[in-house]
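Q: One predicted model, sequence on top.
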Amino acid sequence: MRTYTVAILGATGAVGTRLMEQLEQSTIPVSSVKLLASKGSAGKTLTFKEEDVVIEEATPEAFDGVDIVLASAGGSVSKRLLPEAVKRGAVCIDNTSAFRMEPDVPLVVPEVNPEQLRHHHGIIANPNCSTIQMVVALKPLAERFGLNQVIVSTYQAASGAGQSALNEFFEQSQAYLDNRRMEANILPTKGDKKHYPLAFNLLPQIDVFEDDGYTHEEWKMIHETKKIMRNDMNDSKLKVTATCVRVPVPISHGESVYVELNNKNATVADVFNALGTGEGIILEDDPSHQVYPQPLNAEGKRDTFVGRIRADKENPGAFNLWVVSDNLLKGAAWNTVEIAERLVAGDLVHVK
């Protein structure tokens, strides 16, 4: 049986540590693991399968002999280093936005479009966390009824902005409870002019604003959904719009999703049955017993949870869903490792 040398780029970050955990639990036969990070972290150790592994500085030469790269170190790092890894024969799964919209880079959610893995040229992109959980829920509906339109409003956790944002959120929460001034230096986005506290607040801005008034996060959800579902980021037949909001929740994104199906005769029971057989979906939908997906319950789980399934009262063939998933697992680390599992199972760990 073939075994694989796997490198984790960005091993010390919030997603990087979860990549290690998911890799430990995966079906991939790992012969050795390389942990790569910034120069400042080089020489420190982390544990993989009860063995200490020394962190190395992420340089082009560090990818010599590597078969699979799991990357979550920021877009600029991926842009600089992943092509170097590919030159050395590695297949890279990137958890940043660096390559998502490149036409020759597959954008993959294994439950939705695994066939795209056959067309990679060394780099596969992991979609945005908020996009991943939504398309998992949309896939069985698209297959059975056809999709016409999607309108989504997101309730995105603090951890989606990184460990520093999560830490700041906790600090703000304590300051608020202590009747102290809350410091805000990161959210809604570190590179913008103003910053606001997230604790006990809602921020209807994730990433920077585009000229049309949409944020870049909203742009990503719109075009990534089209690319994943239709293999065309500008597909005009699938209408998608998004409003993305950062909420004071540590981990797990929630989404209110309105879908218009092509089949106008579809019923709630039909939608319920379709979602119940969807890969990676767990239905939590029993209003009579107040059962519905919640971020606290989704944390630490790989699945996408769907509930509050309702027919729209005004539009035949339209339905409302509530979708929740751990943004650091299914939205990042697990989706990345799951892609690697599919590559290994399909003997696709090679650069064309």
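A: Everything's here; your move.
Q: so how many other residues sit close to E299?
A: Neighbours of E299 under the rule other CB atoms under 10 Å: 19. Placement of C-beta: from N, CA and C, glycine included.
Q: List the contacts of A158.
A: Taking CB atoms under 8 Å, 6 or more residues apart in numbering, we find A158 in contact with 165-166, 169, 187, 198, 246, 248-250.
Q: F319: which of these is nearest?
A: V249 (24.6 Å; CB to CB).
Q: burial measure for the closest one, as a count.
A: V249, neighbours per other CB under 10 Å, totals 21.
Q: okay but it is in contact with P295, surely?
A: Yes - between V249 and P295 there is a contact at 5.0 Å, judged by CB atoms under 8 Å.
Q: list the residues that contact both of these two?
A: With CB under 8 Å, 6+ apart as the test, V249 and P295 both reach A157.
Q: what sits up against stretch 279-297?
A: Taking CB under 8 Å, 6+ apart as the rule, stretch 279-297 contacts 111, 136-137, 139-140, 157, 249, 251-254, 272, 275-276, 302-309, 322-324, 330.
Q: Any quick PyMOL command for the buried ones out of those residues?
A: Entered in PyMOL, the line below selects the buried ones among those, by 16 or more other CB atoms under 10 Å:
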select buried, resi 111+136+137+139+140+157+249+251+252+253+254+275+302+303+304+305+306+307+308+309+322+323+324+330
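Q: re earlier: strands - which of the contacts of A158 land there?
A: R246 (DSSP state E).
Q: Are any of the contacts of A158 buried, and if so which?
A: Here, 16+ other CB under 10 Å leaves 165-166, 169, 187, 198, 246, 248-249 buried among those.
Q: Restricted to strands, list the contacts of stretch 279-297.
A: 253-254, 304-309, 322-324.
Q: Make CSV from those residues and add distance to E56 and pLDDT to it.
A: Converted to CSV, the ones in strands among the contacts of stretch 279-297 look like this (distance: CB to CB, whole Å; pLDDT from 0 to 100):
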residue, distance to E56, pLDDT
H253, 32, 98
G254, 38, 98
T304, 34, 98
F305, 38, 98
V306, 41, 98
G307, 44, 98
R308, 46, 98
I309, 48, 98
W322, 43, 99
V323, 38, 99
V324, 37, 99
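Q: Can you name the two of these that sit furthest apart?
A: H253 and I309, at 18.3 Å, using CB to CB across the ones in strands among the contacts of stretch 279-297.
Q: which residues does R308 contact?
A: 285, 287, 292-293, 320-322.
Q: try 7 Å
A: 285, 292, 320-322 (CB atoms under 7 Å, 6 or more residues apart in numbering).
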